[in-house]
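Asker: What follows is a predicted protein model with its sequence.
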Amino acid sequence: MGTQARVVVLPQDSSTLRIENIELPDPAPHQVVVRQFASGICHSQLHQMHAPRNNPVILGHESTGIVLKAGSSVSHVVEGDIVMVTWVPRDSEAADGPPEAANLQVSDGLATSQNVFTWADHTIADQQYVVKVDPNIEKDVTAIIGCAVMTGAGAVINTANVQKGESVAIFGVGGVGLSAVVGAKMAGAHPIIAVDLDDGKLEFAKTFGATHCINASKEDPVKAIHALTPKPGQFNISRQPVSGVDYAFDCIGIKQTMEQIVPACRTAYFGAKEGGTAVLVGVPTTPVELSAIDVLINEKRFVGSIGGSCAPDRDFPRFLQWQNTGDLNLHGMVTARYKIDQINEAAQALENGQITGRAILEFDH
């Protein structure tokens, strides 16, 4: 017997979301059915809504819930376990092969997902996307660990491996950027420079650990970053004083910010220390042009970070511990809450930049 679910569907030919009542099938041997408590509302879903598509799409990729059913080959969770659903395999090294993405038959065809769907009061997912967690977690705000926290904090602690005393600039301080700020704080970085266009968001970032703020609508952020980060006594190959951050993170992914993070990085100390690293975290929607001479002469690097280079089985307990100790203020980060029937209102608020931190869907049962 299947499981009744209310599922948000993105039609093939419209950006207006609809809600369908669907019967989820019983799980295949490698699948898990989850009744959900809450789901994050991620900016990357807007990219899906604006992109052309050949079929309807089911959305969402971070949530908390409780296991209702587990397939015969699933051994890490059982009925009644509290779990997080995420879009990154929980333990790729232990997997027999690539996990299967969720698809659902809806009223206008076969709807596809980007691995999972969590904009639904119930979901079905490959067991690799279902992470068992402490049953005593807060079951609403922790939903955003499965993407926002993982992506932002993971980029700092995993991809970049920022060390104590190293300098960091974070472009864009929405939910992902705020999580990067927290990751930098936990790593002991200094300074932690937040860059955004909104003074309110910048002040908000200070409450999460940013030490300096730059409003890029009022001043050149690259020049401002270099002014904050001189390295006395160091010089590059052109005999110019060294400055810039050790790591610059772009948590937006637009052309302008992608082209700012490399020049914001520290120039090389000639013959003694290589230059800084620019980390692309936000999903890019345009090509980018980089100064090859800057990368070469100053020995800089431009790297990508997908899902914060996280292994959820390893990293989610650490993020939950940060919340327990008060180092990660998820209640502060979640600044808007919606019901599933308000999904179009939520998407519009996200589109209009009205979500200061992160928004979630909460499901009634």
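Answerer: Received the coordinates, thanks.
Asker: can you dump the C-alpha coordinates of stretch 19-32 into PDB?
Answerer: The C-alpha coordinates for stretch 19-32 follow below in PDB (Å, rounded to 0.1, in the frame of the first residue of the first chain):
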ATOM      1  CA  ILE A  19       0.300  21.200  -5.300                       C
ATOM      2  CA  GLU A  20      -0.800  17.600  -6.200                       C
ATOM      3  CA  ASN A  21      -2.100  14.800  -4.100                       C
ATOM      4  CA  ILE A  22       0.000  11.800  -5.100                       C
ATOM      5  CA  GLU A  23       0.300   8.200  -3.800                       C
ATOM      6  CA  LEU A  24       4.000   7.500  -3.300                       C
ATOM      7  CA  PRO A  25       4.800   3.800  -4.100                       C
ATOM      8  CA  ASP A  26       6.100   1.500  -1.500                       C
ATOM      9  CA  PRO A  27       9.900   1.700  -1.300                       C
ATOM     10  CA  ALA A  28      12.100  -0.300  -3.600                       C
ATOM     11  CA  PRO A  29      14.900  -2.300  -1.800                       C
ATOM     12  CA  HIS A  30      17.200   0.700  -1.700                       C
ATOM     13  CA  GLN A  31      14.600   3.400  -1.000                       C
ATOM     14  CA  VAL A  32      13.100   5.100   2.100                       C
END
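Asker: From G209, how far out is F316?
Answerer: Separation of F316 from G209 (C-beta to C-beta, to the nearest Å) stands at 20 Å. Where C-beta positions appear, they are placed from N, C-alpha and C, glycine not excepted.
Asker: which SS class is A184?
Answerer: Classification of A184 using DSSP: H, G, I helix; E, B strand; the rest coil returns helix.
Asker: That one is in contact with S167, isn't it?
Answerer: No. In this structure A184 lies outside contact range of S167 using C-beta atoms under 8 Å: 9.4 Å.
Asker: coming back round to it: neighbour count: F316 and G209, which is higher?
Answerer: More crowded of F316 and G209, by other C-beta atoms under 10 Å: F316, with 24 against 20.
Asker: what ranges of the stretch 51-200 of the chain fall below the confidence cut-off?
Answerer: Within the stretch 51-200 of the chain, no range satisfies pLDDT under 70.
Asker: Do a quick rundown of the helices in it.
Answerer: Using DSSP state H, counting those that start in this stretch, the helices found in the stretch 51-200 of the chain span residues 148-154, 175-187, 199-206.
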